[in-house]
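1. I need the structure of the sequence given here:
(chains A and B)
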There are 2 protein chains.
Amino acid sequence: MNEAGRGADFLQLSPAAAPARGLTSWLADAIRAAIIDGRLGSGTSLPATRLLADDLGVSRGVVVEAYQRLADEGLVSARPGTGTKVSGLLPRIAARPTTGEAASGEPASGEAASGEAASGEAASGEAARPVPSLLPQPWRARAELDLSPGVPDLSGFPRGAWLRAERSVLDRASVAELGYGDPRGNQSLRRELAGWLTRTRGLRAAPDDIIIVSGVAQALALLAQWLNAHGRTRIAVEDPGSLGSREELAYWGLTPAPVPVDEHGLQTRHLAGSGLRAALLTPAHQFPTGVVLAPQRRRELLDWAVAADALIIEDDYDAEYRYDRAPVPALQTAAPGHVAYAGTTSKTLAPGMRLGWLVPPARLHADLVEAKHAADLGSPALPQLVLARLIATGELEQHIRTVRKRQRLRRDALLGALHEQLPEARVQGVPAGLHLLITFPDRAGTVDDVDLAERIHRAGVLVHPLSWHRQRPGPPGLVLGYAAHTPDQLREAARRIARALTG
Amino acid sequence: MNEAGRGADFLQLSPAAAPARGLTSWLADAIRAAIIDGRLGSGTSLPATRLLADDLGVSRGVVVEAYQRLADEGLVSARPGTGTKVSGLLPRIAARPTTGEAASGEPASGEAASGEAASGEAASGEAARPVPSLLPQPWRARAELDLSPGVPDLSGFPRGAWLRAERSVLDRASVAELGYGDPRGNQSLRRELAGWLTRTRGLRAAPDDIIIVSGVAQALALLAQWLNAHGRTRIAVEDPGSLGSREELAYWGLTPAPVPVDEHGLQTRHLAGSGLRAALLTPAHQFPTGVVLAPQRRRELLDWAVAADALIIEDDYDAEYRYDRAPVPALQTAAPGHVAYAGTTSKTLAPGMRLGWLVPPARLHADLVEAKHAADLGSPALPQLVLARLIATGELEQHIRTVRKRQRLRRDALLGALHEQLPEARVQGVPAGLHLLITFPDRAGTVDDVDLAERIHRAGVLVHPLSWHRQRPGPPGLVLGYAAHTPDQLREAARRIARALTG
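-> Next comes the predicted model:
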């Protein structure tokens, strides 16, 4: 029988849609996707293997093997007599895993994308989880060394300094500071931040220009609402880039338009003539490639923004971590009228803070404050006051210096081990951030990075295949976050990666 | 005092429901039923006998005897030093809380409306302000005694208890608890809240039914998005009612349809045949009139919700403050599939906390979690952990008892002074909440309440004219919040109000 004519009612599966080889992977992927997006609810029975194999015109072994893979991942379970059923994993949030924090750089990328905002249907889909993630929970659970990008070293959270600052805040806060506050955020925090952003990122922002938000994710949500309300429903995004950000933009009604990223950053030539009037970028340390937007590209980007009267969303998610390169000022400094700058404490303190800031072009300011007010009336008071105090006392800066030194040692350890163990790999995204990217220039056509990541995972190390972060096909790569591990752990991870790749 | 007015938050017990004799049996039966149906889980502490006896207005011996009976039955156990706790007897046959479906509720009135969500163009028009408010800033600034409703006594914020709890949290929090979290909120807080809401409001909600939100305002935002996405763009609201809520609903694309409120609450007869399929209410203590939704109206409301397959949003914004009336269980307990319940710490701790909870109907749950995730990835971790600790240690309950006593004294002072100074005025909304309403039954046709409020303001007292909270014309009134002033200040305010009205 002609394969194109075969198919099952179940999920409308047709093997004609499968690649020539890899029927098992195709079938497992299709069922996994349906579990994740909620089409197959918890407790649903999968068809008997024999029946489905008949429907699809494939061997029964293909179906058995696909079911087994899903069982290994914890997505389905088989019991004698009752057949194979979808497990009750997660209360089906699933599907949206994600969205990260988005906004600008960070939410999506940093926060959303790599942290957990990123959800990952693209990846292996497991959607519906309360804690969205690029990886199915079982994978995550089994990895001895989790090198997912986007999560800082949480063990370094300055608990003592935070508590001291909180005591001081509770001693001194006025009654009014505990009441319904300014939706833009606490005045003393905005004052401290204005100085901080000028000193560390060159920003031109007065306290009243700043809106305190619940992380870059909320900044992105507010900006997406504005763009949508103004009829700009398409937005350029980096490819590869943050899945979490893309999903958040989509939730708010925008269609992400992928623009390729190369070693100089976003290929800005694709913008002119595109008709687009909005773009989301991570210029200081592109997520996930780690490249810096080159000076020429910066100029082209800003020229486009002026010519097209476009809005650039600058996600400055991990700008605080810079090791051996000159600081790159924020884009916003060059064109404050066209750039909405978003930053966060997710990488310097902890993602659980949910505390960030947005510095929009002046003409958007009132609308965004209204949107913030309609979202939640404003961010919680006490954490804002504590952060203001940590900036005022210099403790935040001290903390970042300490962490930066530690991260540099970690990066050096991983880098050294990779050079030694995997000399053929090219490593980029090195001078900044909390993750780096390995590519394989000599084997680009022959390597499937998801396969690589799976082999590495079997060796107990969790890394992200670059293709998870892509919208369109491109050269393979592996993204390695090093923030949360000691140099010894990172050297061990490099050894296992090398063994898995060469073994 | 009349026994019919007494009652405890605990299980919403009211001795008025007891037979003439047999208080002990009645109490033992009520607690036994709650243990059996799961509202009181294993390990839950019963209230101290003295406190419960006080709440119920019965002799302590009645409570001691009831506890003893339950202990004899093996349902509870008492140990020196730890009080009486529910035993672990039954592997919780009980109830399966059913999931909470939930409710709706406070955003608007409590939080949004009266506090600051309420913005106030309607009032005196000043739109687009960074700090929306029902009053023009100059007015607010000049008032010596600000009796705006909706703001609790912020000077009573339990700074010491908060700091102790924060220290404990920072000592113990796992690294994972500081990372990107569950968009539904921290698991330990949801667990504590499930017990708390069952004990104090009768809610049937499992931890996984609850979504932690940034106050009722965010609950309302998430629910409005859901309604809009499902084509329900009109929603019944109380008139008079919360301006802040109406404005928030409008921001999210809904059209508020005013339904009159009388002394029995919302006039539910207007709902049938209206074509509406959503309603926002403050049933326990209507904002701003202070009336309780009468039993007959509750029935009609729920009948309508079932017949029209409607969603009721229950804004339970100040349910913790109840003085001399029997507790009214939340609407959600009667129809968890049609009620989205929303509560907040804005009135018990401080509005600046921006911390509340939403217990939606089960079928909305996944969509609302998705919306919460897309809004901000989840609420900040540390304040959630601190609140969980304050509930677990009993300090939140202790704080509320203390504040409730203080508020009762304040209410009594204001009430007494009004009776004395303004005998012709009718005062309502007295038995609960943090504000009351004065109306002028004999002069209804001749009084303009905005004029009255202006005259009172010239005497240094800020009150809200009822008409600010109306959508359609109606009898005049003045809304007086008493939470933030001492009895002496309130007596002085009453004197000035009387002088301004009669002068």
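2. how about residue A:195, what does it touch?
-> Applying Cβ atoms under 8 Å, 6 or more residues apart in numbering or on different chains, we find residue A:195 in contact with residue A:391. Just so you know, the C-beta spots here come from the backbone N, C-alpha and C atoms, and that holds for glycine as well.
3. could you rerun that using 10 Å?
-> By Cβ atoms under 10 Å, 6 or more residues apart in numbering or on different chains, the residues touching residue A:195 are A:205, A:207, A:391, A:392.
4. identify the bridge partners of the closest residue in space to residue A:83 that isn't next to it in sequence.
-> Nearest residue to residue A:83, sequence neighbours excluded (Cβ to Cβ, 6 or more residues apart in numbering or on different chains): residue A:45, at 5.3 Å. Taking DSSP bridges, one finds residue A:85 as the beta-bridge partners of residue A:45.
5. my guess is residue A:45 contacts residue A:52, does it?
-> No. With contact defined as Cβ atoms under 10 Å, residue A:45 does not count as touching residue A:52 (11.4 Å).
6. which one of those two has more residues nearby?
-> Shown here are residue A:45 and residue A:52; by other Cβ atoms under 10 Å in any protein chain shown, residue A:52 has more neighbours (23 against 12).
7. so what pLDDT did the more buried one get?
-> Looking at residue A:52, its pLDDT stands at 85.
8. quick one: secondary structure of it?
-> Each residue gets one of three states, and residue A:52 gets helix by DSSP: H, G, I helix; E, B strand; the rest coil.
9. dump the residue contacts of it.
-> A:8, A:10-11, A:13, A:27, A:31, A:46, A:58, A:60, A:62-64, A:66-67.
10. and what of residue A:364?
-> Residues near residue A:364 by Cβ under 10 Å, 6+ apart: A:211, A:222, A:223, A:226, A:227, A:230, A:311, A:337, A:340, A:358, A:371.
11. of these, which belong to strands?
-> Using DSSP state E to define strands, the subset of these located there is A:211, A:311, A:340, A:358.
12. what about burial for those, which qualify?
-> Buried members of these, counted by 16 or more other Cβ atoms under 10 Å in any protein chain shown: A:211, A:311, A:340, A:358.
13. gap between stretch A:484-496 and the chain center?
-> Stretch A:484-496 sits 22 Å away from the centroid of its parent chain (Cα atoms, centre = their mean, to the nearest Å).
14. mind checking which of the contacts of residue A:195 land in helices?
-> In helices, defined here by DSSP state H, the members of the contacts of residue A:195 are A:391, A:392.
15. neighbour-wise, give me the winner out of the contacts of residue A:195.
-> residue A:205 (23 neighbours).
16. from chain B, how far off is it?
-> Remark: distance between residue A:205 and chain B (Cβ to the nearest Cβ, to the nearest Å) = 16 Å.
17. residue ranges in the stretch 401-503 of chain A under the pLDDT threshold?
-> A:444, A:503 (pLDDT under 70).
18. and the spatially closest residue to residue A:229 that is not a sequence neighbour, how many neighbours does it have?
-> Of all residues not flanking residue A:229 in the chain, residue A:367 sits nearest, at 7.7 Å (Cβ to Cβ, 6+ apart). Residue A:367 has 17 neighbouring residues, counting by other Cβ under 10 Å.
19. pretty sure residue A:367 is touching residue A:228, no?
-> No. Under the contact definition of Cβ under 10 Å, residue A:367 does not touch residue A:228, with a separation of 11.6 Å.
20. the helix or strand harbouring residue A:171 and chain B, any residue contact?
-> Per DSSP states H and E: residue A:171 is located in helix A:159-172. Yes. Residues of helix A:159-172 contacting chain B under Cβ under 10 Å from any Cβ of the partner chain: A:159, A:160, A:162, A:163, A:166, A:167, A:169, A:170, A:171.
21. could you dump those into a markdown table and include pLDDT and neighbour count?
-> Supplementary listing: these in a markdown table, determined by pLDDT from 0 to 100; neighbours: other Cβ atoms under 10 Å in any protein chain shown:
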| residue | pLDDT | neighbour count |
| --- | --- | --- |
| A:159 | 95 | 14 |
| A:160 | 95 | 10 |
| A:162 | 97 | 23 |
| A:163 | 97 | 17 |
| A:166 | 97 | 23 |
| A:167 | 96 | 16 |
| A:169 | 96 | 22 |
| A:170 | 95 | 19 |
| A:171 | 94 | 9 |
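22. ok, those vs residue A:363, which is closest?
-> Proximity of the residues of helix A:159-172 next to chain B to residue A:363 was ranked by Cβ to Cβ; the top entry is residue A:169 with 34.2 Å.
23. so the closest one sits against residue A:393, correct?
-> No. Under the contact definition of Cβ under 10 Å, residue A:169 does not touch residue A:393, with a separation of 11.5 Å.
24. can you give me the helices in the stretch 201-350 of chain A?
-> A:215-229, A:243-251, A:295-308 (DSSP state H, counting those that start in this stretch).
25. deepest-packed of those helices, please.
-> By mean neighbour count, with neighbours taken as mean count of other Cβ atoms under 10 Å in any protein chain shown, helix A:243-251 ranks first of these at a mean of 31.
26. I'd like the average pLDDT over that one.
-> 93.
27. and it, how far out from the chain's middle?
-> What separates the centre of helix A:243-251 from the centre of its chain is 10 Å, taken as Cα atoms, centre = their mean.
28. does it come close to chain B?
-> Yes. Figure legend: helix A:243-251 in contact with chain B (Cβ under 10 Å from any Cβ); contacting residues A:244, A:247, A:248, A:249, A:250, A:251.
29. any chance of those residues in TSV, plus distance to residue B:494?
-> As requested, these are exported to TSV (distance: Cβ to Cβ, whole Å):
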residue	distance to residue B:494
A:244	56
A:247	56
A:248	52
A:249	55
A:250	56
A:251	51
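30. and which of those is nearest chain B?
-> When those are ranked by distance to chain B (Cβ to the nearest Cβ), residue A:251 comes first, at 4.0 Å.
31. could you say which helix or strand holds the closest residue to that closest one other than its chain neighbours?
-> If the residues on either side of it in the chain are set aside, residue A:251 comes closest to residue B:374, at 4.0 Å by Cβ to Cβ, 6+ apart. When secondary structure is defined by DSSP H and E, residue B:374 falls within helix B:362-376.
32. could you list the buried residues of that helix?
-> Of the residues in helix B:362-376, those buried under the neighbour-count criterion (16+ other Cβ under 10 Å) are B:362, B:364-376.
33. ok, back up a step: most widely separated two among the contacts of residue A:195?
-> Once Cβ to Cβ is applied, the contacts of residue A:195 give A:205 and A:392 as the farthest pair, at 17.2 Å.
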